[in-house]
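>>> one predicted model, sequence on top.
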Amino acid sequence: MKEEIMIPVKGLSDKNELCCSEDHSRLKEHQALVKKLNNEIPPEEELFDLADFFKVFGDCTRIRILCALLFGEMCVCDIAEALSMTQSAISHQLRILKQAQLVRSRREGKTVYYMLSDDHIISIISQGLEHIEE
């Protein structure tokens, strides 16, 4: 039986974590990869922000609103009617989407119109749909 080699990996306990590879010839390759990852992974604060960003997509009502807004700007009453929901429920979700900077608004008289913040949101929704349809 081959001897297993310990590769120190930042974040793993130092004594009982063994490298998955018993192939000694790839030891340096594994170490180089781990070192590169430790230098390339974004800071933890950024990762928390990214996780919070994706949490907003975890609600079906918010996704439905975003999909409705793919077709252009809409007021709360039109979104509510299109999605068969109350204006209060739509307003609540729009507030969350606005705080997450996924939607923005503009006022015209007494009416507030909502739209997607930018093309990144269209891309995220499109790629998500493409992914689940594969």
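In hand now; what should we look at?
>>> centre-most residue in the chain?
Centre of the chain computed as the mean C-alpha position; nearest residue by C-alpha atoms, centre = their mean is Phe54, 2.9 Å away.
>>> helices along this structure, start to end?
27-40, 44-55, 60-69, 76-83, 87-99, 119-133 (DSSP state H).
>>> in the one helix or strand in the chain whose mean pLDDT sits lowest, which residues are buried?
When each helix and strand of the chain is scored by mean pLDDT, DSSP states H and E, helix 27-40 comes last, with a mean of 84. Going by neighbour count (16 or more other C-beta atoms under 10 Å), the buried part of helix 27-40 is 30, 34. Quick note: C-beta positions are derived from backbone N, CA and C, even for glycine.
>>> now it - C-alpha only, CSV.
The C-alpha trace of helix 27-40 is given here as CSV (Å, rounded to 0.1, in the frame of the first residue of the first chain):
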residue,chain,number,x,y,z
LEU,A,27,2.3,16.5,-5.3
LYS,A,28,3.8,19.7,-6.6
GLU,A,29,0.9,20.1,-9.1
HIS,A,30,-1.6,19.8,-6.2
GLN,A,31,0.4,22.3,-4.0
ALA,A,32,0.5,24.8,-6.9
LEU,A,33,-3.2,24.6,-7.5
VAL,A,34,-4.0,25.1,-3.8
LYS,A,35,-1.6,28.1,-3.7
LYS,A,36,-3.2,29.6,-6.8
LEU,A,37,-6.7,29.1,-5.4
ASN,A,38,-5.8,30.7,-2.1
ASN,A,39,-4.5,33.8,-4.0
GLU,A,40,-7.4,33.9,-6.5
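>>> no more questions from me, cheers.
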